[in-house]
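Engineer: no sequence on hand, only this structure:
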Ligand SMILES: [Zn+2]
Ligand SMILES: [Zn+2]
């Protein structure tokens, strides 16, 4: 009991995915609270109090924007002018890559949480997990979470563990918010819930799977016009893509976009090196920055346990949530940064442990458990039947792996040559698109007639109208890129049209950027810094006031995707010739 343990608390409901939502009536749905522990033998449990400094694990300033800004200014901002793909080169040798097709498919199925997949990675292993309890009830308020955590505090061994130690709890947004409310109430508000003084020893933190799932979803939603065009072209479809496809399909489309992009990346970047056209900059941001970022975030970056790469990627993910205005997730990573920088600044042992064992602080264990439970129960099961089944699953893990009883066959794998073919077809789609974009340079129409003078941008090749937030960071600042001048540095008089186009979308002469601005885009950094200050304050205020936020219904599991998981495609060997011909035409532009 002196090993490090990680706590997962999550909501389980017995809705089995159906093709149509109206087949499920509300009265059939039962909610449960799952409380699961993962132990990490050999890693010592973490103390609540750092005896050397007399400081405990909780930052008395709450979500502290000062500490975030101070740290990101020297560790993150100096690299933000690079796209994610360019930045990744610095870490590339230390990051894992899928070395064979099976590993590749496993990365694609990251949000399937399915224990039928062969487990190769240590963090996917369910070894040393223990179900503390599964009880009927929802997780929709501070009181609900307090009841759930009571299951931990009521176990004598866990209670005595917590008297000395902490339990880190990677969670989704509601969990983070309500547990932080409970802790805040315990510490500051006269303890109106009469909470256990051990509650602050539970340390909520951001769950990487939930970040990944949310990031995939928003990149898909905000760039629907692009992904729909890609889908129709690659699969030769006339019917448009569902507006809210299953996570697997979103992942696949991202994978195709990034895979196709990598085949033509160098040629396209060279062609548009000095180009300030809005549609060009939009597509380069989408393909070289945000799509590979969200695709890599969990399977490559988090699971590699590479701490600097993870902090960099999480900050980039936050910047994306912030720019897109994603509820909750535009604040949640800030709470994590604030805690982590506090642990480093005060030399709390937690800092070193998370830096060296990042992969343990995962929200995967409970998702895998739920997947197992889902496969072994039916929509018609009563709560008692479900709880009995849970006990069976937990007890049948004699050899520490979940019982593998499968009700459905696997239908989720493309052959290696099929995936490669689809990437090539995506590359041809992208080249055709970039030829059109090249011919349409300067033709983006900016419409400022709308309400509040928020400009709308009509992208000519994608034939869609977007808000500034869909465009790269630069268009969201008070100093968007200038249409009539190359250099965006205020006061620059030079008329040269040669310099560097940054990942944010701003362009500067080399001397303006590296000498006058010391290699940092201050317009974008000011925009992000303001976001850190405001959103930290808003999040901290709602926690302190126990203001129950109206949480978005988590409907990510509702299945509105009517398509097959695997749409069969016919391989066509002429793809190689088509691709190389298109590449020549593109280079000749
Ligand atoms: Zn300049
Ligand atoms: Zn910028």
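Structural biologist: The structure has been received and is ready for your questions. Source: prediction; values computed, not measured. Ligands and ions are numbered 1, 2, ... in the order given.
Engineer: OK, contacts around the spatially closest residue to residue 71 that is not a sequence neighbour?
Structural biologist: Leaving aside its sequence neighbours, residue 71 sits nearest to residue 341 (C-beta to C-beta, 6 or more residues apart in numbering; 4.5 Å). C-beta: built from backbone N, CA, C; applies to glycine. By C-beta atoms under 8 Å, 6 or more residues apart in numbering, the residues touching residue 341 are 64, 67, 68, 70, 71.
Engineer: the spatially closest residue to residue 158 that is not a sequence neighbour sits in which helix or strand?
Structural biologist: In space, and not counting its chain neighbours, residue 158 is closest to residue 152: 5.2 Å by C-beta to C-beta, 6+ apart. Using DSSP states H and E, the element containing residue 152 is helix 142-153.
Engineer: check the offset of that helix from the chain's centre.
Structural biologist: Distance of helix 142-153 from the chain centroid (C-alpha atoms, centre = their mean, to the nearest Å) equals 27 Å.
Engineer: cool, stretch 59-69 as well?
Structural biologist: Remark: stretch 59-69 is offset 22 Å from the chain centroid, using C-alpha atoms, centre = their mean.
Engineer: most neighbours, which of the contacts of residue 341?
Structural biologist: residue 68 (26 neighbours; other C-beta atoms under 10 Å).
Engineer: tally of neighbours for residue 102?
Structural biologist: 14.
Engineer: helices or strands next to the one helix or strand it maps to in the packing?
Structural biologist: Using DSSP H and E, the element containing residue 102 is helix 101-108. Contact here means 3 or more C-beta pairs under 8 Å, 6 or more residues apart in numbering; DSSP states H and E; on that basis helix 101-108 packs against helix 247-271, helix 416-439.
Engineer: could you list the low-confidence segments of the stretch 151-300 of the chain?
Structural biologist: Filtered on pLDDT under 70, the stretch 151-300 of the chain yields the residue ranges 189-193.
Engineer: hmm, back to that, in helices only, show me the contacts of residue 341.
Structural biologist: Here DSSP state H is the test, and these give 67, 68, 70, 71 as lying in helices.
Engineer: still on that earlier bit, elements contacting the helix or strand following the helix holding residue 102?
Structural biologist: Downstream of helix 101-108, the first helix or strand assigned by DSSP H and E is strand 129-136. Contacts defined by 3+ C-beta pairs under 8 Å, 6+ apart place strand 129-136 against strand 31-44, helix 142-153, helix 364-375, helix 383-395.
Engineer: by contact count, what packs against the last one?
Structural biologist: Packing contacts for helix 383-395, counted by 3+ C-beta pairs under 8 Å, 6+ apart, involve strand 31-44, strand 129-136, helix 364-375.
Engineer: would you reformat those as TSV and include mean neighbour count and mean pLDDT?
Structural biologist: Listed next are the helices and strands packed on helix 383-395 as TSV, based on neighbours: other C-beta atoms under 10 Å; pLDDT from 0 to 100:
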stretch	mean neighbour count	mean pLDDT
strand 31-44	18	92
strand 129-136	17	87
helix 364-375	22	82
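Engineer: and stretch 316-331, how far from the chain's centre?
Structural biologist: Relative to its chain's centre, stretch 316-331 lies at 10 Å (C-alpha atoms, centre = their mean).
Engineer: actually, stretch 208-221.
Structural biologist: The chain centroid and the centroid of stretch 208-221 are separated by 4 Å under C-alpha atoms, centre = their mean.
Engineer: who's in contact with it?
Structural biologist: Applying C-beta under 8 Å, 6+ apart, the contact partners of stretch 208-221 are 110-111, 113, 170-173, 227, 243-245, 247, 250-251, 253-254, 286, 290-291, 293-295, 297-298, 302, 314, 317, 320-321, 324, 326, 329, 333, 361-364, 367, 556.
Engineer: can you rerun that using 7 Å?
Structural biologist: Contact with stretch 208-221 is made by 110-111, 172-173, 227, 247, 250-251, 254, 290-291, 294, 297-298, 302, 317, 320, 324, 326, 329, 362-364, 367, 556, as judged by C-beta atoms under 7 Å, 6 or more residues apart in numbering.
Engineer: returning to what we had before: would JSON lines of the helices and strands packed on strand 129-136 with distance to ligand 1 be doable?
Structural biologist: Shown next, in JSON lines, are those (distance: least, C-beta to the ion, whole Å):
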{"stretch": "strand 31-44", "distance to ligand 1": "52"}
{"stretch": "helix 142-153", "distance to ligand 1": "53"}
{"stretch": "helix 364-375", "distance to ligand 1": "48"}
{"stretch": "helix 383-395", "distance to ligand 1": "64"}
